[in-house]
Structures are given as C-alpha cells and as structure tokens.
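>>> Pasting the sequence and the predicted coordinates here, then a few questions.
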Amino acid sequence: MRELENIEGIYFLGIGGIGMSALARYFVAGGFFVCGYDRTQSLITSALEAEGCKVTYDDDPASIPVLFNEPAERERVIVVLTPAIPKESVLLNFFIDKGYTIYKRSEILGFISHETETIAVAGTHGKTTVSAMTAHLLTASSVGCSAFLGGISKNYNTNLLLGKRPYTIMEADEFDRSFLHLSPSIAIVTALDPDHLDIYGTPGAMVEAYSEFCSKVHKGGTLILNETIISSLRLPEDVTVYSYGLGEKASFRASGIEKGEGYYKFNITTPGDHITNVRLLLPGIVNILNTTAAAAAAWMAGATPAEIRNAILLYQGVQRRFDVKFSASLMTYVDDYAHHPEEINALISAIRDFYPRRHITGIFQPHLYTRTRDFAGQFAIALDKLDEVLLLPIYPAREKPIAGVSSEMIEVRMKNKNVRVINRDELLPALEHVADGILLTIGAGDIDRFVEPITQLLKDRK
C-alpha cells in the first residue's frame, strides 16, 4: 500500500456498510478528506455526513467531488471497495478505467493490523458480540484499546473506538477470505459452522481457511478457541493455544451458572486466577460463552479480574444483537441480526430461556440466495421452534437471483403450518393484530428498515 502521508482523500464504495463506515470514521479522525457512495441513505450514512464525510447516492462520477473525479489527481487519493458493490457499478468502472488505486476493505484493515497489536475475533457467528465486548472490557480497564466493530456498540454508540493504548480489536470476517489479511497478536475463533459456501465450495475448505487464519497469529502470540472446535483446526506450533467453554478442561471456564431475573451469575476460571460473581445482563448460554471468550482476551491483554467483572456488568450489547426495542406487560419486541440457522437456534433458545411460556412470532428475511439454497432445511428446522413465522422475500445483497430459490423453499420444509410468505408492503398490516408475547425481527438484510415502524406500531397499539 502506498504511504498514507502522500494521500489526501479516500473514497469508499459502499460507505454505509458497517465495516466500511468504521474505516471511514477512522480516516476522518486521521484528518483525511473522506467521501463515499452508497445505494440508499441510512442512519449510518446520515451519521457519517454529520461527522464530516461527503456521501453521494448516485452511481455516477458526476456526483463525486473534484478531487476524486480528475484522473490527474489520482496519486493523491485511494479508493476502498466493499464486496457488496456489483461489478457493473458505474463508479467502480470509472475508477478502474481511469487507473485509480483500489483496495478491498480487508486490505486496508490488514495494513492497519500490521501497525498495531491486533486482537482479531473470527467465527461464523458470535464475532460481533465478542469483539464489542472485548473492546468494552479493555476500554473500561486500565489497558485501553481501539476497535473496529461489526456493529454499533450500545455502550459507546459507535462502531469505532480510538484509544491511545497498543491494542486494536478487529472483527475478522471470513467472507472472501478477508481475515487472511490480518496479522494478530491475539486471535479468537468462536465457531466453525458451515457458511459462505458460495465462496468456499465445501465446509472443509472453509475450515482450512480458518486454519490458515490461525497461522497468521504472530510467533509467540495467543490463540483462544472455543473448546468444541480445537480438534477441527490445524494449529500453528509457535503460538500458545487456550480453550474456552463450559468443560472441565477448558483453559477459561464458565461455571456455577445461576439464572436471576434478567441476568446470569457465574464464575470464570482463568489459567492463573478466578473471576468470581460475574453478572451478565444478556440472555442465553451462548452469551455466557461469548463473555468467557471476551474475558479471556481481556485477561491475556492485562485487564484484572476486578476490572473484567465490573465491565461485564455494565456491558449493554450491540445494536441488532438481541436488541430489545419495545417492552410492555403483554408484548416484547426484539430485533436480531441472526442470518445463519445456528444463530437463529441460539436466538430462540435465549428467548425461550428469558421469556418462558410466551408466544413467539418471528419475522425472518433470508440473506443471500446461495445461503438460502444451501441451508433451506436447516432454516426450516430452526424456525419451527417459533410459534408463528412471517417470511419476507430473500435479501440478495451482492447476488443475482437463482432460479427456483426463494423464501418458499423454507416454507415448504417447515412442519409448523403457522407460517406464510409475505411481501414487504404486507408486513405492517399483518402485524396490526399480532399475538401478544414476543415479536422478533430476524435477518442481516434491510429488515432493519422496519424496526422503527414496527416499534411505533406497537407503541400506538399499547
């Protein structure tokens, strides 16, 4: 990568994405002229504009500032690309044709990771929660950190933290093998459930990529692995490997779990001491495991047991991860980013644990045609655990439609017959008389655009 000292401006293609927006904020804080394009305006793009970014919504070179529209100035700028931008994008092809330097988002993160002590959190699910919690534990301790997060931390209302200490937390995305650009000193892997088979082809090829990610850890560094996946990975010999989980042999072990009213209390055993009387306000055993992983990373980075215990109690979570948007005596509405069958299983398990014997209505928007094709049966099994299901059309993201692949693929495989596929414009009317209990919106697409309208509908109904 060219020396940033010679760069004045950075243009982000897909600036409204959660990962891209964190990078944009980082470069704004560094004094660069930051601009970008996104397909539609959102809360994130509006926030970026308020913070000093110039954002355009037209896929047209005429819409961008002069610095990025004059090939003679191209040595003064770089362009950063997200995989969500289609190859047919007019802006993308303008930058290509005019000889601009274009980097993937993962390459920029990789460059930054080589300049800092990186704590990288990988896994097919759980990585956003674990990275956000690790960042919170270190920020609230005497250690401190910076962080690039894959969600908006509720504690700090941002996906970028800029600290003055050596550690930087990064969410390590396996899509397109992006995490192989990182160079961590501490790495966490939470799960290896098959995903992104459009990229990897087979589950085995995906696991091999995770093994390669483990090999990226610095010599003498640290690997922290979910105890259930250690045997699946090829581990480097020049790093120290720790496990976390509930088992007796786990290096970092959660034990003595008690469920209170709206919280869990438990202990975490570390290789050197104990973190006792931990209180966690998030539901589900999966979040006890996530907390144990984050505590392990914070402990390895130098946070004390007391600092970790106190920070866990104050952890508020991440937007769109078990995000309670409305709560009244008869109805609770929770929004969640779950888009893989195992994530949906974990979400419903947590809901059943925290809200026993409540009727649960779920609205699910499948994310990607390939994922729906590959896991339609597993999605059906997971969604069958709900009492009522509304299925929205597939959110395609970067993909073109695949013949025969639709939300109906899930519907026909479900045993629960209290399910129907509806269009987007039918959703709010369908919720006018939703059953009392728990309402869930589930998915990684643009289902989040319905969160505020649904919240308002429930408030009006109350």
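Happy to help now that I have it. Keep in mind that what you see is a predicted model, and the values were worked out from it rather than measured.

>>> Going by C-alpha atoms from here, please, whenever you check contacts or count neighbours.
OK.

>>> At which residues are the strands of the stretch 51-200 of the chain located?
For the stretch 51-200 of the chain, the strands defined by DSSP state E, counting those that start in this stretch cover 54-56, 77-81, 102-104, 117-122, 146-153, 158-161, 167-171, 186-189.

>>> just the stretch 301-450 of the chain next, same as before
So, for the stretch 301-450 of the chain - with DSSP E, counting those that start in this stretch - the strands run 323-327, 331-336, 360-364, 388-391, 419-421, 437-442.

>>> can I get the strands of the stretch 51-200 of the chain in JSON lines with mean pLDDT?
Below are these laid out as JSON lines (pLDDT from 0 to 100):
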{"stretch": "strand 54-56", "mean pLDDT": "94"}
{"stretch": "strand 77-81", "mean pLDDT": "94"}
{"stretch": "strand 102-104", "mean pLDDT": "94"}
{"stretch": "strand 117-122", "mean pLDDT": "97"}
{"stretch": "strand 146-153", "mean pLDDT": "95"}
{"stretch": "strand 158-161", "mean pLDDT": "96"}
{"stretch": "strand 167-171", "mean pLDDT": "96"}
{"stretch": "strand 186-189", "mean pLDDT": "98"}
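
>>> can you tell which of those strands is closest to Leu13?
With Cα to Cα as the measure, strand 77-81 is the member of those nearest Leu13 (5.0 Å).

>>> Parallel or antiparallel, which strands does the closest one pair with?
Looking at strand 77-81 with DSSP bridges, its paired strands and their directions are strand 9-13 (parallel), strand 102-104 (parallel).

>>> correct me, but Thr276 touches Asn267?
Yes: judged on Cα atoms under 8 Å, Thr276 makes contact with Asn267 at a distance of 4.5 Å.

>>> Return the most buried member of the strands paired with strand 77-81.
strand 9-13 (a mean of 25; mean count of other Cα atoms under 10 Å).

>>> tell me what whichever helix or strand comes after that strand is packed against?
Note on strand 9-13: by DSSP states H and E, the next helix or strand toward the C-terminus is helix 18-29. For helix 18-29, the helices and strands in contact under the criterion 3 or more Cα pairs under 8 Å, 6 or more residues apart in numbering; DSSP states H and E are strand 9-13, strand 33-37, helix 43-50, strand 146-153, strand 158-161.

>>> what does helix 18-29 contact?
By Cα atoms under 8 Å, 6 or more residues apart in numbering, the surrounding residues in contact with helix 18-29 are 10, 12, 14-15, 33-34, 44-45, 48, 51-53, 82, 105, 148-151, 159-160, 162.

>>> Filter the residues you listed down to the buried ones and hand me the ChimeraX line.
To isolate the buried subset of the contacts of helix 18-29 in ChimeraX, counting by 16 or more other Cα atoms under 10 Å, use the following:
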select :10,12,14,15,33,34,44,45,48,53,82,105,148,149,150,151,159,160
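
>>> for this structure, where's the lowest mean pLDDT among helices and strands?
helix 197-200 (a mean of 84; mean pLDDT, DSSP states H and E).

>>> Would you list the phi and psi of Tyr244?
The phi and psi torsions at Tyr244 (degrees, to the nearest 10) take the values phi -140, psi 150.

>>> ok so, going back, could you redo the strands paired with strand 77-81 as JSON lines and give each row distance to Pro86?
Listed next are the strands paired with strand 77-81 as JSON lines, based on distance: least, Cα to Cα, whole Å:
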{"stretch": "strand 9-13", "distance to Pro86": "10"}
{"stretch": "strand 102-104", "distance to Pro86": "13"}
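
>>> that older thread, looking at the helices and strands packed on helix 18-29, which is nearest to Leu180?
strand 146-153 (16.3 Å).

>>> what's in contact with that closest one?
Where contact means Cα under 8 Å, 6+ apart, the residues beyond strand 146-153 that reach it are 18-19, 22-23, 128, 131-132, 135, 158-165, 167-171, 316-320.

>>> Same question for stretch 380-392.
Applying Cα under 8 Å, 6+ apart, the set of residues contacting stretch 380-392 from outside is 341-342, 344-345, 348, 359-366, 407, 410-411, 413-416, 418-424.

>>> Only whichever of those residues are buried, select them in ChimeraX.
This is how ChimeraX selects the buried members of the contacts of stretch 380-392, with burial counted by 16+ other Cα under 10 Å:
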select :341,342,344,345,348,359,360,361,362,363,364,365,366,407,410,411,413,414,416,419,421
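
>>> mind listing what's buried in the strand or helix carrying Ser243?
When secondary structure is defined using DSSP H and E, the element that contains Ser243 is strand 240-245. Along strand 240-245, these residues count as buried under the neighbour rule (16+ other Cα under 10 Å): 241-245.

>>> How about stretch 388-400?
Of the residues in stretch 388-400, 388-397 count as buried by neighbour count, 16+ other Cα under 10 Å.
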